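Undergrad: Fold the stuff below for me.
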Amino acid sequence: MPETEIQDFEKVVATALEKKGWQITFPPADTQGYDFEAVKDKICAAVQVKNWKRAIGGPQVSQFIDFLKLPMGSRFNQGFFITSSEFGKKALALAEQKNKKPMVLGVFQKGRLSLLKK
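TA: Reported below is the predicted structural model:
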């Protein structure tokens, strides 16, 4: 997928979160591990966005959970993983596991953001 389409999807998801009351901050372009930050009340969430046609699998969610455990992910107290497709069974199971930082999965389709787990 062209880089402009990836960035456009990130901005569309960020706008959807802003409409739900979140403050959005984009990191420098070469930042690894997350696409942008969302802050609301006492929640500071790292947001990972994937504009994929195929389902998100366990490895992608696992990698994001691992990022949240690293020193560079330590300032976040929650993670959002949002896709344009769907989540596979392993990804759903990983998100449901008790982690130090809660994981929220979301699907953005047809202009609407639906959070699967809060």
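Undergrad: quick one: the strands in this structure?
TA: Taking DSSP state E as the test, the strands found in the chain are 23-25, 36-40, 43-50, 78-83, 103-109, 112-115.
Undergrad: Out of these, which gets nearest to A95?
TA: strand 103-109 (4.4 Å; Cβ to Cβ). Just so you know, the C-beta spots here come from the backbone N, C-alpha and C atoms, and that holds for glycine as well.
Undergrad: Tell me the buried residues in the closest one?
TA: Of the residues in strand 103-109, 103-108 count as buried by neighbour count, 16 or more other Cβ atoms under 10 Å.
Undergrad: cool, stretch 13-30 as well?
TA: Using 16+ other Cβ under 10 Å as the test for burial, stretch 13-30 gives 13-14, 16-17, 22, 24.
Undergrad: Quick one: end-to-end distance for that stretch.
TA: Criterion Cα to Cα, to the nearest Å; first-to-last residue distance in stretch 13-30 is 19 Å.
Undergrad: Serialize the buried residues of stretch 13-30 to a markdown table and add fields for pLDDT.
TA: Formatted as a markdown table, those follow (pLDDT from 0 to 100):
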| residue | pLDDT |
| --- | --- |
| V13 | 96 |
| A14 | 96 |
| A16 | 95 |
| L17 | 96 |
| W22 | 97 |
| I24 | 98 |
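Undergrad: Sort out for me which of those residues are in helices.
TA: Counting by DSSP state H, the part of these found in helices is 13-14, 16-17.
Undergrad: Let me know the closest of those residues to K50.
TA: Taking Cβ to Cβ as the measure, K50 lies nearest V13 of these, at 9.9 Å.
Undergrad: Could you list the buried residues of stretch 89-101?
TA: Going by neighbour count (16+ other Cβ under 10 Å), the buried part of stretch 89-101 is 90-92, 94-95.
Undergrad: Thanks a lot, catch you later.
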